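Peer 1: fold the following and give me the result.
(2 chains)
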There are 2 protein chains.
Amino acid sequence: MGIEIERKFLVQGEAWRHGEGRYLCQAYLNRDPARTVRVRIDGEQAFLTIKGRSVGATRSEFEYAIPVADAQALLALADGPAVEKRRHLVPMGELVWEIDEFLGANAPLVVAEIELPREDQPFERPAWVGEEVTQDPRYFNSALAARPFSSW
Amino acid sequence: MGIEIERKFLVQGEAWRHGEGRYLCQAYLNRDPARTVRVRIDGEQAFLTIKGRSVGATRSEFEYAIPVADAQALLALADGPAVEKRRHLVPMGELVWEIDEFLGANAPLVVAEIELPREDQPFERPAWVGEEVTQDPRYFNSALAARPFSSW
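Peer 2: Purely as a prediction, here's the structure:
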């Protein structure tokens, strides 16, 4: 088990973009924010990830590597369609911005997440970092599976 | 991924009983029969198990060993209280009867399950094997978590 402290922002402009990023495909075996169960295929790897309810920017997180073939079969069991995105990494000192460029029904949404060692950790905000949406449940990936950005 | 072909029966009498069996504690991160997600602690081991919807006596099943400490934390995230039972194994030729003696809110329910290599596999029914409940959703362990036997 780990604790995930993560803040999420909308992204403006294209100044963050370098390279193609990598393709992620994920879907949910439970979209309840009290116990989300996510299946993700990330290139040649796949993971089953369980997260508890968020308290502020903090959530408990449990992640297990699983065979990609299992993940493909689990995507078919999932609740709602898969969320597809390209993930871009932008290092900033000891931290890394993860920029998710959503595809399909969630295009053209782009969000940036930063994982922090503690909730009060200060961090630099590049000019392309827009409004914070950490607490906005519409931007939960589990919510985007059921209610994609293009339908808002 | 595996395919589970399992039939379930009520148990009558005590002639099946030999020894104490082993203690299992399990709870659900999703009780939806289309995608149950179960956390189980079985002695020194723990497992995360996902099952798809049953078709007849057959279900797809994905099982992953996880650390017991993770399982303990995941039980706390679960939807509904844990189901506790003692499991007794009764071999019968090449097959094994798994007899679950429920504890707590599900006592004094006792059910016997047999896993079959194929749906039409013939098998012997000892005298303690009662009514078949394979298709009865009240006896799903995921349902017993939410609506325990003692409340029927």
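
Peer 1: report the beta-bridge partners for whichever residue of chain A sits closest to chain B.
Peer 2: Distances between chain A and chain B by C-beta to the nearest C-beta are smallest at A:Asn30, namely 4.1 Å. Bear in mind the C-beta positions are built from the backbone N, C-alpha and C, glycine included. Applying DSSP bridges to A:Asn30 gives these bridge partners: A:Val37.

Peer 1: does it really touch B:Leu29, like I thought?
Peer 2: Yes: A:Asn30 lies in contact with B:Leu29 (C-beta atoms under 8 Å); the separation is 5.8 Å.

Peer 1: what's the overlap in contacts for these two?
Peer 2: The contact sets of A:Asn30 and B:Leu29 overlap at A:Val37, B:Val37 (C-beta atoms under 8 Å, 6 or more residues apart in numbering or on different chains).

Peer 1: coming back round to it: so what's the residue count around the residue of chain A closest to chain B?
Peer 2: 24 (other C-beta atoms under 10 Å in any protein chain shown).

Peer 1: before we move on, what about A:Gly93?
Peer 2: Residues within reach of A:Gly93, counting by other C-beta under 10 Å, total 7.

Peer 1: and if you look at A:Trp152?
Peer 2: By other C-beta under 10 Å, the residues close to A:Trp152 number 8.

Peer 1: OK, contacts around it?
Peer 2: With C-beta under 8 Å, 6+ apart, A:Trp152 has these contacts: A:Arg138.

Peer 1: mind running it again at 6 Å?
Peer 2: Neighbour list for A:Trp152: empty [criterion: C-beta atoms under 6 Å, 6 or more residues apart in numbering or on different chains].

Peer 1: need the residues of chain A near chain B, please.
Peer 2: Residues of chain A that fall close to chain B, judged by C-beta under 6 Å from any C-beta of the partner chain: A:Met1, A:Leu29, A:Asn30, A:Arg35, A:Val37, A:Gly52, A:Phe62, A:Tyr64, A:Asp70, A:Ala73, A:Leu77.

Peer 1: now the buried members of those residues.
Peer 2: A:Met1, A:Leu29, A:Asn30, A:Arg35, A:Val37, A:Gly52, A:Phe62, A:Asp70, A:Ala73, A:Leu77 (16 or more other C-beta atoms under 10 Å in any protein chain shown).

Peer 1: so the fifth one sits against B:Leu29, correct?
Peer 2: What it means is A:Val37. Yes: A:Val37 is within contact range of B:Leu29, at 5.4 Å (criterion: C-beta atoms under 6 Å).

Peer 1: what's the overlap in contacts for the two?
Peer 2: A:Asn30, B:Val37.

Peer 1: ok, of the residues of chain A next to chain B, which one's closest to B:Ala127?
Peer 2: The closest of the residues of chain A next to chain B to B:Ala127 turns out to be A:Leu77 (C-beta to C-beta; 38.5 Å).

Peer 1: what residues are bridge-paired with A:Asp87?
Peer 2: Small correction: residue A:87 is Arg, not Asp. A:Arg22, A:Asp100.

Peer 1: now do the contacts for it.
Peer 2: Counting by C-beta under 6 Å, 6+ apart, A:Arg87 has contacts A:Gly21, A:Arg22, A:Leu24, A:Glu98, A:Asp100.

Peer 1: render the CA-only coordinates of the helix ranked longest in chain A in PDB, please.
Peer 2: Ordering each helix of chain A by length in residues (DSSP state H) puts helix A:68-77 first. Written as PDB, here are the backbone C-alpha positions of helix A:68-77 (Å, rounded to 0.1, in the frame of the first residue of the first chain):
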ATOM      1  CA  VAL A  68      -1.300  -7.800 -20.300                       C
ATOM      2  CA  ALA A  69      -3.600 -10.600 -21.500                       C
ATOM      3  CA  ASP A  70      -5.500 -10.500 -18.200                       C
ATOM      4  CA  ALA A  71      -5.800  -6.700 -18.500                       C
ATOM      5  CA  GLN A  72      -7.300  -7.000 -21.900                       C
ATOM      6  CA  ALA A  73      -9.900  -9.500 -20.700                       C
ATOM      7  CA  LEU A  74     -10.600  -7.300 -17.600                       C
ATOM      8  CA  LEU A  75     -11.100  -4.200 -19.800                       C
ATOM      9  CA  ALA A  76     -14.000  -6.200 -21.300                       C
ATOM     10  CA  LEU A  77     -15.500  -6.800 -17.900                       C
END
